[in-house]
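Visitor: Kindly generate the corresponding structure for this input.
(one chain, ligands or ions: 1)
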Amino acid sequence: MNQPAPLLPRRSTRKVAVGPLAIGGDAPISVQSMTNVPTRDAQKCLEQITGLAQRGCELVRVAAATPEDTTALKTIVAQASVPIIADVHFHYRRALEAVEAGVAKIRLNPGNISDRQQVREVIAACRVNGVAIRIGVNEGSIVERRDEQKRQQEQCLPMAELMTAKLAEYVRIFEEASFENLVLSAKCHDAAGTIAVNRAISKLFDYPIHLGVTHAGDAMTGSIRSAAALGTLLAEGIGDTVRVSLTADPRVEVDVAWEILNTLGLRERIRPEIFACPTCGRTEVDIVAMTEQVKIALADVKAPITVAVMGCVVNGPGEAEHADIALCGGRDKCLIYRQGQKIATVPADKAIAALLVEIRKMIENSN
Ligand code: SF4
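Guide: The predicted structure follows:
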């Protein structure tokens, strides 16, 4: 059988410290997400951060839009179990306040802070406090901010080139101030654009790259767009931290990001891997509902166990051979396998409960 082509080696980049973590260099490709509750409500925000961290989120970004938000940041930073990134737009004072609150990193779009002296003040504060800065350019900010002269240029230049040129302009501001603790990002709403611009910036700069697709859509569409874009780039060795943006519970963003990294073999699995058959005319149980039940039951389990949920006892056992635990559904009875060996036959309506017992046993034995 032909082996799949190996992934390209990871691009060599600088290593940027983000609190106790690092992005780039030989640091693992990290998973990040963003809260969607008001930052000013520190307790609510912390609850969401805890939920994200339990799912494997390694860095959490929060909006720093108002003075109330940056006041709450002090509590959030002090109590969060993962490094906090402040997302700042328009108001450089929010960036200064976020640095004072102790964030590990700031996400800044210099394009929407027009006074360069203000940007330099933020740079100075980040330097003194060892805070990293992500400077990003999004397709939308290019389109929305064009004046007549730029519009003429844009008519002749592809979006990837325009975005790369804009990012280079931003990078210069930081390099002129000798600040190199930078992470770069360039996001489009589609996979093709995101791939093109990140390939371009990866050739120009050796700063680590934050990968993501902007306003990617709901859980299904956004996951597909993100998998296509991030998967392609990561397979080419491009990308040092990822954020999957979804119109969904942010914990799903974390699940999808891990799945992309795991399926490419770029990070070791920390949570269960669930396989399920696509169902066919032989299916005798409601595999869709059963798979969902297993997924929900294992949502907060932190163990790299593989679980297969198969729709029949004809092909199911063979196809689930590689799983640690497998359930093969029959009309009245289901078979349970542990590492390819049949260990139980159970009534179909008790199958999920029996499967979960076996999974818990296996996890306990491996601890
Ligand atoms: S495991 Fe059985 S039910 Fe599922 S797709 Fe294969 S043959 Fe069909």
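Visitor: And the residue minimising distance to the centre of the chain, how far from residue 63?
Guide: Centre of the chain computed as the mean C-alpha position; nearest residue by C-alpha atoms, centre = their mean is residue 243, 3.2 Å away. Per C-beta to C-beta, to the nearest Å, residue 243 is found 14 Å from residue 63. For glycine as for every other residue, the C-beta is placed from the backbone atoms N, C-alpha and C.
Visitor: helix/strand/coil for the closest residue to residue 122 other than its chain neighbours?
Guide: Nearest residue to residue 122, sequence neighbours excluded (C-beta to C-beta, 6 or more residues apart in numbering): residue 95, at 4.4 Å. Following DSSP: H, G, I helix; E, B strand; the rest coil, residue 95 is assigned to helix.
Visitor: Give me the pLDDT value at residue 95.
Guide: pLDDT for residue 95: 96.
Visitor: burial count for it?
Guide: Here the count is done by other C-beta atoms under 10 Å, and residue 95 has 29 residues near it.
Visitor: where's the nearest residue to residue 258 once chain neighbours are set aside relative to residue 113, distance?
Guide: Leaving aside its chain neighbours, residue 258 sits nearest to residue 56 (5.4 Å; criterion: C-beta to C-beta, 6+ apart). As judged by C-beta to C-beta, residue 56 and residue 113 stand 33 Å apart.
Visitor: Can you show me the helices along the stretch 151-300 of the chain?
Guide: 159-176, 191-204, 219-235, 250-263, 287-297 (DSSP state H, counting those that start in this stretch).
Visitor: Next, count neighbours for the residue lying closest to residue 215 once chain neighbours are set aside.
Guide: Spatial nearest neighbour of residue 215, excluding adjacent residues (C-beta to C-beta, 6+ apart): residue 189 at 5.5 Å. For residue 189, the number of neighbouring residues by other C-beta under 10 Å comes to 17.
Visitor: Hmm, residue 189 is touching residue 214, no?
Guide: Yes: counting by C-beta atoms under 8 Å, residue 189 does reach residue 214; the two are 5.7 Å apart.
Visitor: quick one: common contacting residues for the two?
Guide: Each of 139-140 lies in contact with both residue 189 and residue 214 under the rule C-beta atoms under 8 Å, 6 or more residues apart in numbering.
Visitor: can you list contacts of stretch 106-120?
Guide: 61, 85-92, 95, 98-99, 122, 126, 131-138, 141, 145, 166, 170, 173, 177.
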